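[1] Predicted model follows, preceded by the sequence.
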There are 2 protein chains.
Amino acid sequence: MLLRVRAAVAQLAAGLGAQPPAEARGAGAGAGAGAGRGSPPPAAFCRPAFLQLTPEELRRADDHAGRAVQSPRDGRRRLPWSSGYAEVINAGKSQHNEDQACCEVVFVEQRPSPRGWLSSREGSEELDGGRKGFYFHYWALFDGHAGSGAAVMASERLHLHICEQLRDLVEILQDPSPPPVCLPREAQTGSADPNQMSYAEDRGEVLNDAVPRFHLEKAVSHESLVIGAIENAFKHMDDQIERERASQHLAGGCCALAAIYLMGKFYVANAGDSRAIIIRNGEIIPMSREFTPETERQRLQFLALLRPELLGKEFTHLEFPRRIQPKELGKKMLYRDQNMNGWAYKKIEEDDLKFPLIFGEGKKARMMATIGVTRGLGDHDLKVFSSNIHIKPFLSCFPEVRVYDLTQYEHCPDDVLVLGTDGLWDVTNDEEVAAVVMEVLTSYEPNDPCRYTMVAQELVVRSRGVLKERGWRLANDKLGSGDDISVFVIPLGGPGNYT
Amino acid sequence: MLLRVRAAVAQLAAGLGAQPPAEARGAGAGAGAGAGRGSPPPAAFCRPAFLQLTPEELRRADDHAGRAVQSPRDGRRRLPWSSGYAEVINAGKSQHNEDQACCEVVFVEQRPSPRGWLSSREGSEELDGGRKGFYFHYWALFDGHAGSGAAVMASERLHLHICEQLRDLVEILQDPSPPPVCLPREAQTGSADPNQMSYAEDRGEVLNDAVPRFHLEKAVSHESLVIGAIENAFKHMDDQIERERASQHLAGGCCALAAIYLMGKFYVANAGDSRAIIIRNGEIIPMSREFTPETERQRLQFLALLRPELLGKEFTHLEFPRRIQPKELGKKMLYRDQNMNGWAYKKIEEDDLKFPLIFGEGKKARMMATIGVTRGLGDHDLKVFSSNIHIKPFLSCFPEVRVYDLTQYEHCPDDVLVLGTDGLWDVTNDEEVAAVVMEVLTSYEPNDPCRYTMVAQELVVRSRGVLKERGWRLANDKLGSGDDISVFVIPLGGPGNYT
């Protein structure tokens, strides 16, 4: 089943920024119903369109006390490849579920260009009634913070930005020869001029022993072009949030994790602290890493060192294991500078009494005492509490993209790609997730289309736990995740799944 | 056998920068002999002291035509742990062998501090006639470029800087309890004050939900302190080269790879494109990675983006697959920005006609068309050819330090740590090195003290090849390494080796 988004693509291409009707997103219905506890949910609250929630279901999904797990229902629309999805709201840390999800099959139509560089060539595929292009499959999770606006907009638009970036590459990606380094001007045809100049030649001089070094042209793969397209799509998405945040009342920011299936490969793009793993024949293959003040410490410290004005005289770029007290001036304290991985002692000076740029450990690590993730979308207005110091210059909207070639391995129906927000991973590690996947899948027939949804539900339920006197508890009586939890389980193989 | 360097340590501590007598370094002897082909070797040329070369041997070692392999000889001083070492000069690319090597056992004597924080405690070891301290073993390779001055000085001093950094840590490293975060002032005793303040407390305000976040003190391990000490030692070494380069006529720069054995662990510190691997039970464990314009592209582009003045209007921070010609202005060309791993097309503008900061591929990749390594020591005067643009701001003197705990595994006599300059690795990959190691070691008795030297020699010979009509050729007739080649082979276990 193909969920076409042509209308939305056309809208984006035409520069129309209007949101689709709220009904289409499973939202707003509660406002019309007039029932339920107290005031209707604000317009910003919605759940993924593919859940097709009724007003009553939407109210249940928004209930922090019950924390009912939501999944696409039997008899309603099935997700591509029979992918599984499940989600649950947090235990009360924010009014609504600030996670969002999206699953689409997107047609990338070649941009009309009568004089395009390849237009006269044979071999570019004509699909779908004469239009040239290709499809990609797309699954994405957005974990919002400080409001759901950025996450909602990103869930509605990121795939369209990816589509936009790919539109210029339709012919190039379909051509088996290496991508041209240089495209001719629109009026021209034929391949780019292979001539080039070395730095030395350019200056009319001879460079030490370097002259023969610069005559090679770097080969760039098709895969690199797709990665570049996804990276720039994240940037354009972030720019759009920045432009429209005032008119659309978009609050906050979000982590973004997207899996794009295109021409036999999965591209997993991550900006934030969600996580993706592949479980293949019981083996765990990490498909992302998290971007936090700890993992990105050196990038952040480097920026702070080069641009100290961004610290507003409140922060020091040095890391200390704890806050220094004024009375400790002159003592020797452990510190870590941007080019260090180890620690050393330094004599405490006046400047060290400022608050460290990065502080805390693990889930409690914060940048500028404010934020625990260092990549994502939005957050353009985020400032350090009670100050005029902006956080955004330190955040990156660029994802890390990892590639998995599906054609290199014969997958069985039990091989899956799991995407989860940190609500899942905070309490359930990779091995535990893999164990649940295997346990649940073996209890369903390989061709049962519900099996991946069952896995997703089980992962969410086990991470949420059950409500006891002392809060949400896991089977081992440890605290369950009080965060929003969202999970996709995407099968990598098995007959009949790739529909 | 312990090669004490007390005199040198004392000299360093006293701030005396004089070099040790040339005789001690196997150099200068040729100048007195008056024999040999033509003029005597310049004073800068020397080989590692532990080779104990005679004047005649020194001349042979300097012969590009013969390329005789040099190793510590039987009957002379043996290296600690019976480590193997071998080297060979290049095929003519520079007048002398610009690699240098050092192997020492260094005593780290606690800095005299009658009021030191631990001085009243029991348990700090008294060694070696009442002096408190410990030993570390040290092996290092320095691959010079554009002159041998930096490499020679680094080979004579880096271990002394490491010793200096460790002197303040003698008591802390010998105390099994975690290192104190804050040391009291010299006049004080007792432990540091555990109190601390959060950012919010400091401002007298309450921070969103962040208040309880900052009450933890980050635990710092002993291992982290050693890493920090090594990192800062590299920095001090680089500073010393900068200070003394004029008076000592130090030319060029060097990559530095050092293995430090301390308290049961190996710390392998690498700045440059040398490489270290452990071969354990046939398995290869990488102990370093290379720092080149390609591997450090994003760090370099980030710096160039934030500090464009460092580019002197000659370079662009963007990467292009080849040099752009002025007539291509307005066309679309593949590029890569600092936050991208993929590639995308951009319209060529005037600014893109500048030379790319990073250009070329693999061994031919250069930063600013000048240098192929991006970390190391020295190079303070290095400029882009025929310009006033300095390279040094882009180079880092900080190593990456990897740790290997020898106590976690029972090693056999065939388990080794191999250190090699790029002359080795350019033509012999990890698997080939491991195969040579195993092949040679099996042909010697496990307790034969020569066996590791034999491995080092074989690795050098196989990477150099033999001289044929068409130059130095490997067994497979491919081109051998024309570079200087230096190799240490350090046994990780086996009775009698740890002497």
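    Perfect, I can see it now.

[2] Which pLDDT value belongs to the closest residue in space to A:L300 that isn't next to it in sequence?
    Spatially, and ignoring its direct neighbours in sequence, A:L300 is nearest to A:F394 (5.6 Å; CB to CB, 6 or more residues apart in numbering or on different chains). Placement of C-beta: from N, CA and C, glycine included. With respect to pLDDT, A:F394 scores 98.

[3] do the same with the one 3 residues further on
    We note a pLDDT of 98 for A:C397 in this prediction.

[4] That one: neighbour count?
    For A:C397, the count of nearby residues is 23 (other CB atoms under 10 Å in any protein chain shown).

[5] now the end-to-end length of stretch A:309-318.
    15 Å (CA to CA, to the nearest Å).

[6] Which secondary structure state is assigned to the closest residue to A:P446 other than its chain neighbours?
    Using CB to CB, 6+ apart and skipping the chain neighbours, the partner closest in space to A:P446 is A:P413 (4.1 Å). Assigned by DSSP: H, G, I helix; E, B strand; the rest coil, the conformation of A:P413 is coil.

[7] circling back to that earlier point, surely the residue nearest to A:L300 meets A:M368?
    Yes. The pair A:F394 / A:M368 is scored as a contact, 7.3 Å apart, by CB atoms under 8 Å.

[8] These two: which has the busier surroundings?
    For A:F394 and A:M368, the more surrounded residue by other CB under 10 Å is A:M368, and the numbers stand at 28 against 23.

[9] show me the contacts for the more buried one.
    Counting by CB atoms under 8 Å, 6 or more residues apart in numbering or on different chains, A:M368 touches A:315, A:355, A:357, A:384, A:389, A:391, A:394.

[10] Repeat the analysis, applying 6 Å as the threshold.
    Contacts for A:M368 (CB atoms under 6 Å, 6 or more residues apart in numbering or on different chains) come out as A:315, A:384.

[11] Can you tell me, leaving aside adjacent residues, what's nearest to A:K478?
    A:V427 (7.4 Å).

[12] I'd guessed the one you found sits against A:S481; true?
    Yes. Under the criterion of CB atoms under 6 Å, A:V427 makes contact with A:S481 at 4.6 Å.

[13] Those two: which has the busier surroundings?
    A:S481 (24 against 21).

[14] so how far is chain B from the more buried one?
    Distance, A:S481 to chain B, by CB to the nearest CB, to the nearest Å: 16 Å.

[15] separation between that residue and A:P48?
    Taking CB to CB, to the nearest Å as the measure, A:S481 falls 19 Å from A:P48.

[16] do the same with A:Y345
    As judged by CB to CB, A:Y345 and A:P48 stand 52 Å apart.

[17] cool, A:K265 as well?
    From A:K265 to A:P48 the distance is 25 Å (CB to CB).

[18] Which one's more surrounded, the two?
    Neighbour count, other CB under 10 Å: between A:K265 and A:P48, A:P48 has more, with 23 against 16.

[19] Find the nearest non-adjacent residue to the more buried one, please.
    Distances taken as CB to CB, 6+ apart place A:A101 nearest to A:P48, at 4.4 Å, with adjacent residues excluded.

[20] The strand or helix carrying the one you found packs against which elements?
    According to DSSP states H and E, A:A101 maps onto strand A:99-109. Packing partners of strand A:99-109 (3 or more CB pairs under 6 Å, 6 or more residues apart in numbering or on different chains; DSSP states H and E): strand A:131-145, helix A:149-167.

[21] Show me the one of these that comes nearest chain B.
    Between chain B and these, the tightest spacing by CB to the nearest CB is seen for helix A:149-167, at 7.6 Å.

[22] Is the next helix or strand after that closest one in proximity to chain B?
    Per DSSP H and E, the first helix or strand lying C-terminal to helix A:149-167 is helix A:170-174. No. Against chain B, helix A:170-174 shows no contacts by CB under 6 Å from any CB of the partner chain, the least distance being 9.0 Å.

[23] Now do helix A:170-174: distance to the chain's middle.
    25 Å (CA atoms, centre = their mean, to the nearest Å).

[24] Packing partners of that helix?
    Helices and strands touching helix A:170-174, by 3+ CB pairs under 6 Å, 6+ apart: there are none.

[25] Alpha carbons only: can I get it in PDB?
    The C-alpha coordinates for helix A:170-174 follow below in PDB (Å, rounded to 0.1, in the frame of the first residue of the first chain):
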ATOM      1  CA  VAL A 170      16.600  11.400  -9.600                       C
ATOM      2  CA  GLU A 171      18.500  10.900 -12.800                       C
ATOM      3  CA  ILE A 172      21.900  10.800 -11.100                       C
ATOM      4  CA  LEU A 173      20.900   8.100  -8.600                       C
ATOM      5  CA  GLN A 174      19.300   6.000 -11.400                       C
END
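
[26] low pLDDT regions in chain A?
    Applying pLDDT under 70 to chain A flags the ranges A:1-44, A:75, A:113-130, A:186-216, A:494-499.

[27] show me where it has helices.
    Assignment of helices within chain A using DSSP state H yields the ranges A:6-13, A:29-33, A:55-61, A:149-167, A:170-174, A:199-203, A:222-244, A:297-306, A:422-425, A:430-442, A:451-464.

[28] Please identify which of these is closest to B:F134.
    Checking those against B:F134 by CB to CB gives helix A:297-306 as the closest, at 30.3 Å.

[29] Any idea how many residues pack against the closest residue to A:E432 other than its chain neighbours?
    Spatial nearest neighbour of A:E432, chain neighbours left out: A:R462 (7.9 Å); criterion: CB to CB, 6+ apart. Neighbour count of A:R462, defined by other CB under 10 Å: 20.

[30] any idea how far A:K265 is from the closest residue to A:D351 other than its chain neighbours?
    Spatial nearest neighbour of A:D351, excluding adjacent residues (CB to CB, 6+ apart): A:T316 at 6.0 Å. Distance, A:T316 to A:K265, by CB to CB: 44 Å.

[31] Close to chain B: what parts of the stretch 301-450 of chain A are there?
    A:306, A:321-323, A:330-334, A:339-344, A:355, A:360-361, A:364, A:369, A:385-386, A:398.

[32] give me that answer again for 8 Å
    The stretch 301-450 of chain A comes close to chain B at residues A:302-303, A:306-307, A:321-325, A:328, A:330-334, A:336, A:339-345, A:348, A:355, A:359-361, A:364, A:366, A:369-370, A:385-386, A:396, A:398, A:400-401, as judged by CB under 8 Å from any CB of the partner chain.

[33] returning to what we had before: from the helices and strands packed on strand A:99-109, which stretch is densest packed?
    Among those, helix A:149-167 has the highest mean neighbour count (mean count of other CB atoms under 10 Å in any protein chain shown), at a mean of 25.

[34] Can you show me the CA trace of it as PDB?
    Only the C-alpha atoms of helix A:149-167 are listed here, as PDB (Å, rounded to 0.1, in the frame of the first residue of the first chain):
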ATOM      1  CA  GLY A 149       5.300  22.400  18.300                       C
ATOM      2  CA  ALA A 150       8.700  21.500  16.700                       C
ATOM      3  CA  ALA A 151       8.100  17.800  17.000                       C
ATOM      4  CA  VAL A 152       4.600  18.100  15.300                       C
ATOM      5  CA  MET A 153       5.900  20.200  12.500                       C
ATOM      6  CA  ALA A 154       8.900  18.000  11.900                       C
ATOM      7  CA  SER A 155       6.800  14.900  11.800                       C
ATOM      8  CA  GLU A 156       4.600  16.500   9.200                       C
ATOM      9  CA  ARG A 157       7.400  18.000   7.000                       C
ATOM     10  CA  LEU A 158      10.800  16.300   7.400                       C
ATOM     11  CA  HIS A 159      10.100  13.600   4.700                       C
ATOM     12  CA  LEU A 160       9.000  16.400   2.400                       C
ATOM     13  CA  HIS A 161      12.300  18.100   2.800                       C
ATOM     14  CA  ILE A 162      14.100  14.900   2.100                       C
ATOM     15  CA  CYS A 163      12.000  14.500  -1.000                       C
ATOM     16  CA  GLU A 164      12.800  18.000  -2.100                       C
ATOM     17  CA  GLN A 165      16.600  17.300  -1.700                       C
ATOM     18  CA  LEU A 166      16.300  14.100  -3.700                       C
ATOM     19  CA  ARG A 167      14.400  15.600  -6.600                       C
END
